[in-house]
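> Need the 3D shape of this:
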Amino acid sequence: MLAELFTAAAVTASACAVYAAAAARVVKQYERGVVFRLGRLHGNVRGPGFTTVIPAIDRLHKVNMQIVTMPVPAQDGITRDNVTVRVDAVIYFKVVDAASAIVQVEDYRFAVSQMAQTSLRSIIGKSDLDDLLSNREKLNQGLELMIDSPAIGWGVQIDRVEIKDVSLPETMKRSMARQAEADRERRARVINADAELQASKKLAEAAAQMSEQPAALQLRLLQTVVAVAAEKNSTLVLPFPVELLRFLERAQQAAPPPPAVEEGKHEKPPSPEE
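Residues are numbered from 1 along each chain as shown. Okay, here's the model as predicted:
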């Protein structure tokens, strides 16, 4: 009798242990559990920790609530200004409603990936090349709104979308390089012309000041000689004063012209008697 009781107790304990092992589930901190009982959503979403289900009746689906980083494959498209580009991006999203992510969509990761690709192609067609290259922050916001609108019904929240790279054809790269070089040359010429204008104004002011004080010109001449001699050159360049040239020119203009001799008239030389 006792043996039968011990046998029954052992069988019952074994059955309980097997049942407990089959019913026990562990949900991690970054997960949530969705229970389906006979195919229907049952109860609330199970939080992290230890939980139990009814074997063969309940089925527990674990949903990862962490932020998912998903690369968007590069998409070929034509911009609004008819330039062929190849753009790739990366999307960050997370599940905020585990039940909706399981019930409302078959595979939320695949759905988000396809929506990101179609939205990226749409953004390429609506944007200019300059916007893709320099105004990415605005395009990222527009792309995020386009993906987030349908994803809300799937229990998914789009955290961030970033355009990674914009690939251009080689011909377009060469054209942009020539344009940038021409723009830099234009700015260099404008700066050089502005510098020449400022220098000419300063030189005019200096010339006006030196015209009032002729000794200043001589001092400037001596400073130039000292600067040239400091280079330890074997040849010393001595500037010729412009004032001396002007003095010689005025002296030449003030001198009387030589008397002209008429043709056919020769002056008779004086005779010895005279």
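
> List the residues that contact the residue nearest to residue 101 when sequence neighbours are not counted.
Among residues not flanking residue 101 along the chain, residue 155 sits closest, at 4.1 Å (C-beta to C-beta, 6 or more residues apart in numbering). In this view, the C-beta of every residue, glycine as well, is placed from N, C-alpha and C. Shown in contact with residue 155 (C-beta atoms under 8 Å, 6 or more residues apart in numbering): 95, 96, 97, 98, 99, 100, 101, 104, 108.

> mind checking the backbone torsions on residue 155?
Phi and psi for residue 155, reported as degrees, to the nearest 10, are phi 80, psi 20.

> how close does residue 94 get to residue 113?
15 Å (C-beta to C-beta, to the nearest Å).

> Likewise for residue 47?
Per C-beta to C-beta, residue 47 is found 28 Å from residue 113.

> those helices in the protein, which residues are they?
Counting by DSSP state H, the chain has helices at residues 2-23, 98-103, 108-126, 129-134, 136-151, 170-212, 214-229, 242-254.

> Find the residue at the geometric middle of the chain.
Central residue of the chain (C-alpha atoms, centre = their mean): residue 134, 5.9 Å from the mean position.

> mind checking how far it is from residue 72?
Remark: distance between residue 134 and residue 72 (C-beta to C-beta) = 21 Å.

> that older thread, and residue 47 and residue 113? Which one has more around it.
Higher neighbour count among residue 47 and residue 113: residue 113, with 15 against 11, using other C-beta atoms under 10 Å.

> Identify the bridge partners of the residue nearest to that one when sequence neighbours are not counted.
In space, and not counting its chain neighbours, residue 113 is closest to residue 70: 6.1 Å by C-beta to C-beta, 6+ apart. Under DSSP bridges, the beta-bridge partners of residue 70 are residue 91.

> Tell me how many other residues crowd residue 70.
By other C-beta under 10 Å, 13 other residues sit near residue 70.

> Residue 103 now?
Using other C-beta under 10 Å, residue 103 has 15 neighbouring residues.

> And for it, nearest residue in space, chain neighbours not counted?
residue 41 (6.4 Å).

> In this structure residue 95 contacts residue 156, no?
Yes. Between residue 95 and residue 156 there is a contact at 5.7 Å, judged by C-beta atoms under 8 Å.
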